[in-house]
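[1] the sequence isn't on hand, but the structure is:
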């Protein structure tokens, strides 16, 4: 779950939806690993028209993907977005 300052629209807080831990944010920059999930459900879904957003800390993300029957695809990135 993300919060922004009203005046500048700067990121002020990120809380893991899985465990409730507040992640480190300094000067509007998230300073630790976080998985941001966002999905808009469309036609033929029981959740048609709903948008779901959530954030997971690295520990909760690891727990979630450990349950997958088919592992996530992993690729090394040589350049990371700041």
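    Yep, that arrived. Because the structure is a prediction, the values reported are computed rather than measured.

[2] show me the strands in the chain, by range?
    Counting by DSSP state E, the chain has strands at residues 2-4, 11-15, 22-23, 25-26, 29-30, 34-40, 51-57.

[3] residue 70 is nearest to which of those strands?
    Nearest to residue 70 among the strands of the chain is strand 34-40 (17.5 Å), distances taken as CB to CB. Heads up, the C-betas are built off the backbone N, CA and C, glycines and all.

[4] grab the nearest non-local neighbour of residue 50.
    Excluding the flanking residues, the one nearest residue 50 by CB to CB, 6 or more residues apart in numbering is residue 41, at 5.2 Å.

[5] show me what contacts that neighbour?
    Contacts for residue 41 (CB atoms under 8 Å, 6 or more residues apart in numbering) come out as 47-52.

[6] returning to that earlier point: just send the strands of the chain back as TSV, with mean pLDDT, mean neighbour count and distance to residue 68 too.
    TSV is the format used below for those (pLDDT from 0 to 100; neighbours: other CB atoms under 10 Å; distance: least, CB to CB, whole Å):
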stretch	mean pLDDT	mean neighbour count	distance to residue 68
strand 2-4	91	13	25
strand 11-15	96	16	24
strand 22-23	98	14	23
strand 25-26	96	13	29
strand 29-30	95	13	25
strand 34-40	96	13	13
strand 51-57	96	16	14
